[in-house]
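Student: sequence first, predicted model second:
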Amino acid sequence: MTDATTTPALDKPAPILSRHDKRYRVTMYRYVGVEGAHTLDFYRSHGGYEAARKAITVMTPAQVVDEIKASGLRGRGGAGFPTGVKWSFMPPVDARPRYLVCNADESEPGSFKDRYILEDDPHQLIEGMLIAARAMSSTHGFIYVRGEYYLGLQRTIAAVKEARAAGLLGENILGSGMNFDVTVHRGAGAYICGEETALMNSLEGLRATPRLKPPFPAGAGMYGQPTTINNVTSLTSAVHVINNGAAWFASMGTDDSKGTKLYQISGPVRRPGVYEMPMGATFRELIYDFAGGPTFEAKAFIPGGSSTPMFPWRDEYLDMHMDYGTLAKNSSMLGTGGVIVIPREKDIVNAMYNVVRFYAHESCGKCTPCREGVAHWLPRLYQKLLAGLGTRDDVDLIQELANGIRGTAFCPLADACVMPVQASLKWFRDEYEYLADHKVPRYQKSDWWQA
Amino acid sequence: MIELDTAPPFFADKPDVLQEILNRYPPEGRRSALMPLLWEVQDAERHIAEARINEIGQILGITATEVKGVMSFYSTYHDHPVGTYHLQVCSTLSCALAGSDEMFDYLSDELGLVNGERDRDGRFSLQKVECLGSCGTAPVLQINDTYFERVTRSRCAHLIAAMREGETPEPWRERGGDTEGEEKAKPFGATGTSEDGER
C-alpha cells in the first residue's frame, strides 16, 4: 500500500516501523473494548467472515498457504516459527482426520493479549481458524482456553454456537462442501499446557506433560493424527493477511519480522495494557508514547513475558526494535511481546524470586533438571538469600545451577526459568551480592511457598 | 463432604449433559471428556469428591487413580470444598509490582484466613495463585469465576462488605491499553503521592 506522499517509485516504499506512521492502521485489536463486539451481528456488519469466505470459496488451500508464507507471518505464541511453513508441514490429505488446535492457554506472566480477543472478538478467532482449516484441509478444530478465562470461555462458546447456527461451522460451510467444526475445551490452570505437545496431552485427558519430538504434531499429534497448533493471534493475523493481502502485511516490520502484533505492557507505567503496533517499533515508543512512561524510576524491563531475559533501563536497550532478530542478537527473545517494567525500588532478587517461584510451581515434574533444579533448588536458594541467610557461595551456586540447567531439560520450561535468572545475574549481580554480604532479610511475610 | 458409596451418582439424572460432553470429542478421544466432566462436577459441588472421581473413571473406562492423577496435575480442581466466595489473589510479577502482596495481607487480616484456608461457615476461602493474565490491569482478584481488576484498598473493602451481605458483586470491566484514554492504574499500596512519583 502506498500513501500520497510516496510516489510509486522504482524502489519499494519504506517499511512501516512505527505506529506513528500515517500508513499504519490497527486491525486485530480495533473492536476490543467496543460494546457488543463479541456478537456475530456486530462482527458481520463490520466486514467479518469476508476473509473466510474468500479463502473458502475463491482460493485453493495451496493459495492460502502461499499467501500466509508470502506475508512473513511468524507464530505469535512466543517461538516465532513461520506460520505458513508450519501449515505446509501437514501431510497430504488422506482418509485420516486432521486436527487444528488453537492454543488459547495464555499463561506467560506479562501476557494478556489473547484474553481480550477471546472476550471481545471471538469471531475473529473463529474466522482465523476457518482460514487455517481451509489451508490445511482440517476436519476438526479445538480451542484450548485456559480455565481461568471464564468470560472469554463463555463468549467463545457462544460465538461458536452462533457461527454454527449461521452455517459458518459444521457441514458444507458457505456451500463449499467444506466440513469443519470447533470444540471449545477448558483448561484448568497449568502453564505447561502452552507447550504444544503438553497441550495435546491435556486435550486427550492426560496429565499435561510434554511429548518427545519427533514425531512432530503434523505427523502424529492429537490421537496420533496430523495436527497443527497455532496461537490465538497467529490465527487472527491470518484473517487480515487474507483480507488485505500478503504485501500489505509484509509492508510492516523488519526483514525477519513482518506485520502487526499485539504488544502488552505492565508494571508501573501510566497506561498499561495491550497496544497493537507494527513489528519493529521500539520499546521506547511502546513504553513512553503509548503507555505514558514509568510512574516510578525504572531500573530494568523484561522484553517479552517473564521467560525472556531482562534488560537494564538504558537508552541503547530502550531504542531496540521489538522484532525477533534484534532481540535474538541481544541474547534475549521477543516471546509474547509482554513488556514488564521493573521499578528501581523493587529488589531484583525479589522480583526474580517471584519469577522463579512461578516456574517452580508450573514445572510438570517430567524431567530431572527441571523437577530438581527449577522446582526445588533455585527457589530454595532465592529464599535463603532473601531471608538474609545467604552467602556469596549461594550466588555462585545460583549461577552454576542456571548454567547447568540451560539446554538440558526436556521442554523449554526450564530454559524459560533459568534464562532470566542468568540475565539478572549478568546485569544485577551486585544486588545479589549485596544481599549475601549484608544479610538483609527481604522475605515477604505472606510467602505462600512455605504454606 | 460427599460420602463414598452413599451419594447417588452425579450424572445419573443428567444423561443429556453427559452425552453432550462426550459428543464434543471424536470417538477415539473419549478420554478427552475427562477435564470437562471434572469441571461439570466442580461447578455444581465446588469440589470433586472421591465418589465423583470413581464415577468419572467408570464413565470413561479408566481407573480412579488415573482420574486423580490428572485432577491433581491442575491447579484449579479442588479435592476439598472451597467457600461460597473463593477468593484467588494473583501473586506473580506484574501483580506483585502493583501490590498484590499487600492485597493478600489485607484480605487475610480482614477474613482471618491463611493461604488455602476456608472459614468455618464455608463462606470465604482464600488462595494465592499464579499469573491470571491480567497483568495490564493489576492487581487482580478472582472471586469464583469473575475477575476484579485494578483492585484498590477501597474497592477491596466494598467487595468484602457486599459479599458479607450475601451479594454477588458486579465486576467492572477494565482493559487498559488501546481501549481507554488517560486513565492510569492505581497501585494497591499507593496512598496518593507515590503513584505520581518521578519517572
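Tutor: Thanks, I have it.

Student: for the residue nearest in space to the middle of chain B, give me its contacts.
Tutor: Closest residue to the average C-alpha location of chain B: residue B:144 at 4.6 Å, with C-alpha atoms, centre = their mean. The contact partners of residue B:144, by C-beta atoms under 8 Å, 6 or more residues apart in numbering or on different chains, come to B:85-86. Any C-beta I mention is one placed from the backbone N, CA and C, and that applies to glycine too.

Student: could you measure from whatever residue of chain B ends up closest to chain A over to residue A:275?
Tutor: Here chain B gets closest to chain A at one residue, residue B:177, 2.0 Å apart by C-beta to the nearest C-beta. Look at residue B:177 and residue A:275: by C-beta to C-beta, to the nearest Å, they are 5 Å apart.

Student: same question for residue A:398.
Tutor: From residue A:398 to residue A:275 the distance is 34 Å (C-beta to C-beta).

Student: can you name the helix or strand that the residue in the stretch 1-150 of chain A positioned nearest to chain B falls in?
Tutor: Residue nearest to chain B within the stretch 1-150 of chain A (C-beta to the nearest C-beta): residue A:33, separated by 3.1 Å. Following DSSP states H and E, one finds residue A:33 outside all helices and strands.

Student: same thing with residue A:248?
Tutor: helix A:246-250.

Student: contacting residues around the residue of chain B closest to chain A?
Tutor: Contacts for residue B:177 (C-beta under 8 Å, 6+ apart) come out as A:264-265, A:271-275, A:290-291, B:136.

Student: okay, now the unreliable bits of the chain?
Tutor: Here I'm looking at chain A. A:1-11, A:443-451 (pLDDT under 70).

Student: chain B is the one I meant
Tutor: Using pLDDT under 70, chain B drops low at B:1-6, B:179-199.

Student: sticking with residue B:71, tell me its helix or strand.
Tutor: Going by DSSP H and E, residue B:71 is in helix B:64-73.

Student: go ahead and name everything in contact with that helix.
Tutor: A:190, A:205-208, A:364, B:34-35, B:38, B:48, B:50, B:53-54, B:56-57, B:60, B:77, B:79.

Student: what are the buried residues along that helix?
Tutor: For helix B:64-73, burial by neighbour count (16 or more other C-beta atoms under 10 Å in any protein chain shown) applies to B:64, B:66-68, B:70-71, B:73.

Student: count the residues that sit near the residue of the stretch 1-150 of chain A closest to chain B.
Tutor: 21 (other C-beta atoms under 10 Å in any protein chain shown).

Student: tell me the phi and psi of it?
Tutor: Per-residue torsions, residue A:33: phi 90, psi -10 (degrees, to the nearest 10).

Student: that one and residue A:120 touch, don't they?
Tutor: Yes. Residue A:33 is within contact range of residue A:120, at 6.4 Å (criterion: C-beta atoms under 8 Å).

Student: hey, what's in contact with both of the two?
Tutor: Common neighbours of residue A:33 and residue A:120 (C-beta under 8 Å, 6+ apart) are residue B:175.

Student: need the residues that contact stretch A:379-388.
Tutor: A:349-350, A:352-353, A:356-357, A:360, A:390, A:394-395, A:397-398, A:401, A:432, A:435-436, A:439-444, A:447, A:449.

Student: and it, which residues are buried?
Tutor: Using 16+ other C-beta under 10 Å as the test for burial, stretch A:379-388 gives A:379, A:381-386.

Student: restricted to helices, list these.
Tutor: A:379, A:381-386 (DSSP state H).

Student: any idea where the strands of chain B begin and end?
Tutor: Secondary structure of chain B (DSSP state E): strands at B:85-90, B:117-118, B:124-129, B:141-143, B:146-148.

Student: can you put those in TSV and add mean neighbour count and distance to residue A:165?
Tutor: What follows is the strands of chain B, written out as TSV (neighbours: other C-beta atoms under 10 Å in any protein chain shown; distance: least, C-beta to C-beta, whole Å):
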stretch	mean neighbour count	distance to residue A:165
strand B:85-90	24	34
strand B:117-118	18	41
strand B:124-129	22	36
strand B:141-143	21	31
strand B:146-148	20	27
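
Student: let's have those strands in a markdown table, adding distance to residue A:199.
Tutor: Formatted as a markdown table, the strands of chain B follow (distance: least, C-beta to C-beta, whole Å):
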| stretch | distance to residue A:199 |
| --- | --- |
| strand B:85-90 | 22 |
| strand B:117-118 | 31 |
| strand B:124-129 | 20 |
| strand B:141-143 | 22 |
| strand B:146-148 | 23 |
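
Student: residue A:83: what's it in contact with?
Tutor: Here residue A:83 is in contact with A:68, A:73-75, A:230, A:234, A:237-238 (C-beta under 8 Å, 6+ apart).

Student: could you do residue B:84 as well?
Tutor: Going by C-beta under 8 Å, 6+ apart, the list of residues near residue B:84 reads B:46, B:122-124.

Student: how does it look with 10 Å?
Tutor: B:46, B:118-119, B:121-125, B:144, B:163, B:166, B:168 (C-beta atoms under 10 Å, 6 or more residues apart in numbering or on different chains).

Student: tell me how far it lies from residue B:46.
Tutor: 8 Å.

Student: for the residue of the stretch 251-400 of chain A found nearest chain B, name its beta-bridge partners.
Tutor: When scored by C-beta to the nearest C-beta, the stretch 251-400 of chain A has residue A:273 as its residue closest to chain B, at 2.0 Å. The partner list for residue A:273 in beta bridges (DSSP bridges) reads residue A:265.

Student: doesn't residue A:264 make contact with it?
Tutor: Yes. With contact defined as C-beta atoms under 10 Å, residue A:273 reaches residue A:264; the gap is 7.2 Å.
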